[in-house]
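1. return atomic coordinates for the entry below.
(2 chains)
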Amino acid sequence: MGPLSAQTEPSAPEVGTARDVIIKADKAYNEKRYDEAVAGYQKFLGDFGASGEAKPLLPHVRYNLVAALMQTQKFGGAAEAIEEAQKLPEITPDKQENLSFWLGVSLMQTGDTVKAREALGQFMENFPRSRRREDAALLAATLLVTEGNKKDAATALAAIRKNPQSVHSGRAAVLELHSLIETGNDEAALELVTTEAARQDRITQLATFQALAMQLGERLLEQDRPREAIRVMQTISTQERLVEQQQRRLEEVKKRLEAIEADATPDVFERAQMRQIAREIEKELQNLQKAQGFDASVRFRMASAFHRQERYRECALLLDDMLRQMKPDAAVETASLSALQSWLAIERNDKTVETSLLFEKNFPQSKQLPLVLYLRGTAQQRADQFDEAIATFAALREKFPQSEQAPRAFFMEGFTQLLAERNEEAAATLAKFGEKHPDHELAEPANYWRGSALAFAKKLPEAREVLGAHAKKFPKGTLLGAASFRQAYCAQSMKDYATAEAELEAYLAAYPDAQESNEARLLLGDALLAQAKSDEGKEVYAGVPAEAGHFHEDAQFKLAKVLKLEEDYEGLRDLMGKYLEAYPRSPRAAEALFLIGQSWRQDDQPDKAIAEYWRAIGDFGNDPEADSVEDLFIALGRLHKSDTEKHDHLAALRELRAKAEAEKQETLTVRSIWALGQAVKKSDPELSSALFREASALAKAETTNPLILADGAEAQLAGATAGDEESAGRREKAAQIYRDLLKWHPRAAQKDKALAALGRMAMEDGDRQAALDYYTRLERDTPWSTLMGEVLMTRALIESEAGNTDGSAEAYTRLLAAESVPGKLKAQALLALGELEMARDRPQTAIPYYQRIYILYGKWRETVAKAYLRSGEAFEKINDLEAARKTYEELSKSEDLAALPEAQTARERLQKLGPPSGSTGPS
Amino acid sequence: MKTRFCIMLFLLAAAPSLVADDEVRLKDGNTRKGRIVGMDETSFRLSLPGPVPGQSAGTTSIPRANVERIIFAPDQTLEAVRANPGRGALNTARVRWQTLQPMLAIPESRAGDAGNLYGECLRLTGESARLEEALGVYAEVEQGAWNPADREDAKRGRLRTMIDLGRSQEVAAEIEQLATSAQDPDLLLDSKLLIASARLAAMQTLVADNPRWHEDPPVRAERLRLLHETADNALYPFLFHGTARGQAAKGLGILLELYQFTGDEDEARKVATDLTEIYSDSPEAKKAAEFLKKKTEKS
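-> Numbering: from 1, shown residues only, chains lettered A, B, ... in the order given. Coordinates of the predicted model:
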């Protein structure tokens, strides 16, 4: 069936003006002057329609009249004309098909929906293979929607949508979704949305479809079905993308429409359809472009859905983005607050702080600002940014003193000061809190922590006073037990053991299973022993249960100490023996063995001590998880004093090694070789190094004690001095061992050694950056290291050589602040800082550095002498000759320093300076 | 047998060519049709269609100076590779690339696309030597292709390959710059995915180098930072451009890999469920389904 077109050649006998009328009407139709054509055909029918001669022409005329009426969209007239035309038996089947379809369309256009549906139904029945069938099906389904029969409409539309051949599946999808939502069939709607998600390119009214999807998503949220809501929301594009897509679509539709219009006989239905689609898309675009907060709407709903699923990261990311991208309005404000809370829920402290700052910037007048500040302070505290947290809480109190959060912030300020070990400040703050908010729910914890802060600040009598009054102040409090314990603890710290004993006993009687009860038992034992009540003390220690973890362990060792003092060596051995049985792999197992060994020695039976150690080695020597075995070897070594004993010891170790190798006990083999190395360390250092190297070569880094690894690495380095290939190989092995040590034992006591050595090797290889990286790690990870001074000095030199004087100065400054650095290095650092200032031509800033050396580090003569001399030179530079003279005199007259070359230089300088002005002779 | 052979010959002859004809428009207004099968500095070689479909009548040389423009025909070989990239398409992709490579700078040619597809096939093998080769191919396309879109794709391919080779640190700055400067939403999403992949790779390296990371506070902190950055970037396409289905699914795929690596079973399950329910047609959904199945069988 082709498009509606007029016949060009009527096959009828010539009937004078009748034929003329038809020809004229046909010409008008072909030239798209449809109104004229309609008039012509109607004139023919009016003037000649009833005549017999005109009868053969009627099919042509009636059909063409319908065609022309359809083109002019005069559907009322068209319906009537169609019915007339359909009566003619001469109308060919293809034309009957067209007429049947157009009847349905015309009735639809005139609003007679029921008849239209019937007509379309009839068409589909009579012409099941028609190419218009799908068009008719869609129209019929649309009519159901118009009539309000959404349920049947949905079913009909689903059939069209699911038909892979149908060109209307996209349009059907939109109407079907609308119908399903209207009828509350959410399951089917959900299925439709998710199925069509991957095929949205075929939906022309995409914005409408997605608006419906949003509606569905919201409904699913209301039904507390967040997962399904997310599935739906994910199908919605951003506003920008949607506009772009619909603009492209509109272009395509307009092109299609142009093509239809250009056709000699445009298909009326297709043209009408394209026009309708174009109008719909234009309307969608207008609405889209005007829409405010389209994306925000979707994201907010999605965030709510994620929040309900406790997927706080997703929630926070969505809401956070709203704060950053969108204009600050009420919705964004609410969203931002939720974002903050979500970040905090997943402990993203950095993000919480960042978002809170942005919130404050965007909503400076927000009523939620106190809460935002409180959340910021909390995040800072959790991130150990104590100073920042304290400042935030203080600012909250100051800016919003009447807010709900102000009292909490007050408390948190004090508590954070406590965490920062600013104990006196904490006590003062918490005291003020108590005065200002005596009835607040945090008043009790504030009082307790105030007392604790005073205790930490060593203000024990005040602490006792506060904690002692706690129960009276808060008779129904939840921290009564803790306060009692802390009060007793203070008495103990004050060495008031009698009071401590009484209070601890009272505490244990009232709170036998409280959190601090086992600690209290230990303290009570200590207090009793301090009063020479050793039997009672021992009983208390013995009463600390095994479930108390490290408190139980501590109690066992305290008990052991008492037994040792009482010289009850048998009792001690029995106690420690039971401990070892119960906890063979404990980190304190070696300590227990030492105590046993000591007890045998005290009993004048060193052989039995040795036997104990060997027994332990036998039991645990091949167990990589038994940490204390290495310590046992060292202890064994100390028990062999005479040459003969040492010789025997070596023989025993060799035997142990041989046995371990024969039985393929890898861990024990490594340990025994290392122990041999330890045993000959003083007598044969070269052999010792060789044995350490051998041990480390066999060792598996993952399971070997880092002590063995470190000794092995050191031994490798010691043997790498020759500069030959073998040395290079040993050096590389040393580096690898150190790297393995760091990898497998991040908490090893030898970590600083490894980092320092790797840094040194990197320097030797010319890789300054790698050296600095190792040193940075050393400073960060092992601030207690005794190598700190050496490392910082090296670092300062590296920075200096690289021309980075600021970096160099910083390194020296850190060196001065490090507790573990010896005085000699500090003196050198001060000298270097002074030199840096002199190099910067700032002698006045250099002088204090020099002076600190001879005031604080007088022990280091050579450095002191240099400091004096440079100080004098600095004074000369700033033209303070009097001070210069004085400095040189101090140096030259110092008995300690007189022999040093700097003293001689000082004397020469004095001569050059001459006597002070106003004096009559040489000084 | 002979009849069968003749029939086969006929069928081969009758089989439609996999590629349609290119159109060479000359400056004199004439047009030549055929297949561009090669070129040198001075001329193009055009294979002319023969009387029997699928057979060439021969080749002719057309001086480059005479050519106004070439309209290259759709390339079904490349489309076939695109539909199924990977080891199976490697040889086909290589041959096509080698054929088109000389025309990389010629406007309208598909050489850049061919290079990128070959690079992708190499990359998907996961083999170190092939990854290195992919880098070379991408670099060539990135520098020489006429089409800016091909050059951009090549850049992304190169960055992805560097990540696969464990060299993400070398291109970290480039990836970040891509993310911050990307105006095009697609490019932005791709760069977020690149960052996520790079962070995940860095985290995996960190944990491999520090197997007791949980005992080392600075390493623990660094691991946590990488975890968050991987997750935040991987989630970006899913959360903000859920209809960009390919990229959203890829992001969730990276996230699933992350949670499997960290042993976070609950989160992994949620992400796997997202993939199977929302992006069921994606390759990542298949892996997610296998993961969920294993978890169900275990429990």
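2. what about A:P822, how many residues close to it?
-> Neighbours of A:P822 under the rule other C-beta atoms under 10 Å in any protein chain shown: 12. Quick note: C-beta positions are derived from backbone N, CA and C, even for glycine.
3. residue contacts, it?
-> Taking C-beta atoms under 8 Å, 6 or more residues apart in numbering or on different chains, we find A:P822 in contact with A:G789.
4. what's the spacing between it and chain B?
-> For A:P822, the distance to chain B equals 26 Å [C-beta to the nearest C-beta, to the nearest Å].
5. contacts for stretch A:431-444?
-> Looking at what lies outside stretch A:431-444 - C-beta under 8 Å, 6+ apart - the contacts are A:407-408, A:410-411, A:414, A:446-447, A:450, A:470, A:473-474, A:477-479.
6. rerun that using 7 Å as the cut-off
-> A:407-408, A:410-411, A:414, A:446-447, A:450, A:474, A:477, A:479 (C-beta atoms under 7 Å, 6 or more residues apart in numbering or on different chains).
7. also stretch A:675-684?
-> Residues contacting stretch A:675-684 (C-beta under 7 Å, 6+ apart): A:633-634, A:637, A:649-650, A:653-654, A:657, A:687-688, A:691-692, A:695, A:711.
8. please tabulate these in CSV, including the columns neighbour count and pLDDT.
-> Below are these laid out as CSV (neighbours: other C-beta atoms under 10 Å in any protein chain shown; pLDDT from 0 to 100):
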residue, neighbour count, pLDDT
A:F633, 22, 93
A:I634, 13, 91
A:G637, 17, 90
A:H649, 19, 94
A:L650, 17, 94
A:L653, 24, 96
A:R654, 14, 96
A:R657, 20, 97
A:L687, 14, 95
A:S688, 21, 96
A:L691, 26, 97
A:F692, 27, 97
A:A695, 25, 96
A:D711, 26, 97
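9. in TSV, list those along with distance to B:S61 and secondary structure.
-> Shown next, in TSV, are the contacts of stretch A:675-684 (distance: C-beta to C-beta, whole Å; DSSP: H, G, I helix; E, B strand; the rest coil):
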residue	distance to B:S61	secondary structure
A:F633	87	helix
A:I634	88	helix
A:G637	91	helix
A:H649	93	helix
A:L650	91	helix
A:L653	88	helix
A:R654	87	helix
A:R657	83	helix
A:L687	83	helix
A:S688	83	helix
A:L691	80	helix
A:F692	77	helix
A:A695	76	helix
A:D711	78	helix
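10. would you format these as JSON lines with distance to chain B included?
-> As requested, those are arranged in JSON lines below (distance: C-beta to the nearest C-beta, whole Å):
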{"residue": "A:F633", "distance to chain B": "25"}
{"residue": "A:I634", "distance to chain B": "25"}
{"residue": "A:G637", "distance to chain B": "30"}
{"residue": "A:H649", "distance to chain B": "35"}
{"residue": "A:L650", "distance to chain B": "35"}
{"residue": "A:L653", "distance to chain B": "31"}
{"residue": "A:R654", "distance to chain B": "34"}
{"residue": "A:R657", "distance to chain B": "29"}
{"residue": "A:L687", "distance to chain B": "33"}
{"residue": "A:S688", "distance to chain B": "29"}
{"residue": "A:L691", "distance to chain B": "28"}
{"residue": "A:F692", "distance to chain B": "24"}
{"residue": "A:A695", "distance to chain B": "22"}
{"residue": "A:D711", "distance to chain B": "21"}
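11. closest to A:D350 among those residues?
-> The closest of these to A:D350 turns out to be A:D711 (C-beta to C-beta; 41.5 Å).
12. please name the nearest non-neighbouring residue to the residue of the stretch 351-500 of chain A found nearest chain B.
-> Going by C-beta to the nearest C-beta, chain B is nearest to A:K351 of the stretch 351-500 of chain A, at 8.2 Å. Leaving out its chain neighbours, the residue that sits closest to A:K351 by C-beta to C-beta, 6 or more residues apart in numbering or on different chains is A:W343, at 4.3 Å.
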